[in-house]
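# only geometry, no sequence info:
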């Protein structure tokens, strides 16, 4: 009988007698030993039709040899005591091949089996795939992991032809236990319990949506909870890409039972769901994003019910876009957009980045001014605490304050002035949905992750170098419309000059950058400084701006002192000549293809409040440190950028 290509091979020639005799041998050619036993090299032709050629010992196949079956299948390798044992190559008539270890006629040990596109390489046990191995089903489909008696069982990873992958536990050839499934075609991920190939037990399923136009962050639906037979069933929470959240009972993929449901605009329903519908829609009430501010009396114009109603009307008119911006920036600075991505709250780091993307500095308002406003809204907030979270309702309150600080001088105050200011700002904020998140830190995921892991260290670095003195008030805007706003002189903050001193203290001028680069990057990050030739080193900076400045200096190689820096040096030294790089040599990076700039000055409604600048201070104290260097520019390769930032972090923080 020829061997089959099944999991167990019937290719062993087993003999009841010790001697090969003419009862089964039709013909023999070769030597004979004592007592007439076949010995040495010989050829056996069996009555069944198969032929052996090779070494014999004591009448048995033993040593090297080749056996051929009538259908053309062959085994060539070692024999022991009349059976295929040791190492050899099995070839079937259908071109299937096994090469490896055999024992008593069965594949046993390490070996490779090929049958068309199917390839198994790994451990065998008595003719079965058993132990660790890889089974390739096609050029694009493979399983790597543990086998038990021919079946996938234990830990393993399966890559399917579709591109989908599963990594985790297997039992009896099915996904069973704990595992992670990635559906490449539909952009879904499940991480949790499996039973008999289906999602069953506790798990997390995520549906990743395509990125919004102009955004580098994808949005996603995510369910965390109970599953039964592949369906959401039991208790669980669903985080929708729109921002809505459902937490409660489920029945066969439908919302069913007691639950709390928060809509994308902040309305909340607490009650029963039946077959995916609210049992009593009247219980739906206004929620987190609704403006219920009780501090309108602190505005110079006062505030009454009419003003509050007008503000709420503006909020509802822009609610979709404002909520989208809130969600977009809620993942800024997070180590991963997975995990808690739709349930994230906006951090102060993200708020500062959003304000800078709006370029509010051009209108006399710096991120630190907004921090002081928030202390009025909630006394529990802290200035420059980048990890502090901002609720949606607090976000809307901050926008109202920012809007009034920017627009109050330009609008008609005869009727609902606060709402009018808010309407103007909400229009500009909405443009951020279609523009990139700017900044050196967020120019790549790798750099953002590296930096955000060191946020607390950066905050400590900032606090240790804040001189505690009042900085120059830049512009006419600020939180002055709030009577109890924390004044500037009551908070210790850093200025641009402090950054130069910090770089000198940590010897960054030798390792990373030059003083001229620091000033040039600060001007790039602070659009209000770009409108003047003067360099005001007393301009107040936030923690985010400190981080952006240092990272920017690591990424940008200085082409030489700026013209204004050189002029200051020349004035100090009596020289009237200079040469140096142009400010255009350094630009704030964005991700390629992410869209244009959300500059408020380019919008329909002008925000043209002029800035009153104090004279720039001279650079006598740091002039000795300033030196030109070869123009290198921003590295285009991602690896080079990451290496430079890693060098910076290593210079600033041990470990």
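Here it is on my side, so go on. No experiment lies behind these values; they were computed from the predicted model shown. Residues are numbered from 1 along each chain as shown.

# in the stretch 151-300 of the chain, which spans are strands?
In the stretch 151-300 of the chain, the segments counted as strands under DSSP state E, counting those that start in this stretch are 151-159, 165-171, 174-183, 188-195, 198-208, 220-228, 231-239, 245-251, 254-262, 268-274, 277-278.

# would TSV of the ones you listed with mean neighbour count and distance to residue 116 be doable?
The way it works is simple: take the backbone N, C-alpha and C, and place the C-beta from them, glycine included. TSV is the format used below for the strands of the stretch 151-300 of the chain (neighbours: other C-beta atoms under 10 Å; distance: least, C-beta to C-beta, whole Å):
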stretch	mean neighbour count	distance to residue 116
strand 151-159	19	18
strand 165-171	20	23
strand 174-183	18	24
strand 188-195	19	30
strand 198-208	19	30
strand 220-228	20	37
strand 231-239	19	37
strand 245-251	20	44
strand 254-262	18	45
strand 268-274	17	52
strand 277-278	14	53
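
# Minimum distance to residue 30: which of the ones you listed has it?
Taking C-beta to C-beta, strand 151-159 is the member of those nearest to residue 30, at 43.8 Å.

# Which SSE is immediately downstream of the helix or strand residue 372 falls within?
Using DSSP states H and E, residue 372 falls within helix 367-377. With elements assigned by DSSP H and E, the helix or strand that comes after helix 367-377 is strand 389-390.

# Next, the angle from whatever helix or strand comes next after that following strand to helix 367-377.
Sequence order places helix 392-407 as the next helix or strand after strand 389-390, per DSSP H and E. For helix 392-407 against helix 367-377, the angle by axes from the mean of the first three to the mean of the last three C-alpha atoms, to 10 degrees is 120 degrees.

# Quick one: list the elements packing against helix 392-407.
Judged by 3 or more C-beta pairs under 8 Å, 6 or more residues apart in numbering; DSSP states H and E, helix 392-407 is in contact with helix 305-330, helix 348-358, helix 367-377, helix 417-430.

# so which of these is the most packed in?
Most buried of those by mean neighbour count (mean count of other C-beta atoms under 10 Å) is helix 348-358; its value is a mean of 24.

# Run the angle between it and helix 392-407 for me.
Angle, helix 348-358 to helix 392-407, by the same axes, to 10 degrees: 30 degrees.

# quick check, distance from the helix holding residue 372 to the centre of its chain.
Helix 367-377 has its C-alpha centroid displaced from the chain centroid by 30 Å (C-alpha atoms, centre = their mean, to the nearest Å).

# pLDDT averaged over that helix, what's the number?
Taken as a whole, helix 367-377 carries a mean pLDDT of 76.

# got a markdown table for the strands of the stretch 151-300 of the chain, with distance to residue 448 and mean pLDDT too?
As requested, the strands of the stretch 151-300 of the chain are exported to a markdown table (distance: least, C-beta to C-beta, whole Å; pLDDT from 0 to 100):
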| stretch | distance to residue 448 | mean pLDDT |
| --- | --- | --- |
| strand 151-159 | 29 | 95 |
| strand 165-171 | 26 | 95 |
| strand 174-183 | 23 | 95 |
| strand 188-195 | 21 | 94 |
| strand 198-208 | 19 | 92 |
| strand 220-228 | 18 | 91 |
| strand 231-239 | 22 | 93 |
| strand 245-251 | 26 | 92 |
| strand 254-262 | 28 | 90 |
| strand 268-274 | 33 | 87 |
| strand 277-278 | 39 | 88 |
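
# Quick one: closest of those strands to residue 329.
Among the strands of the stretch 151-300 of the chain, if distance is taken as C-beta to C-beta, the winner is strand 220-228, at 15.9 Å.
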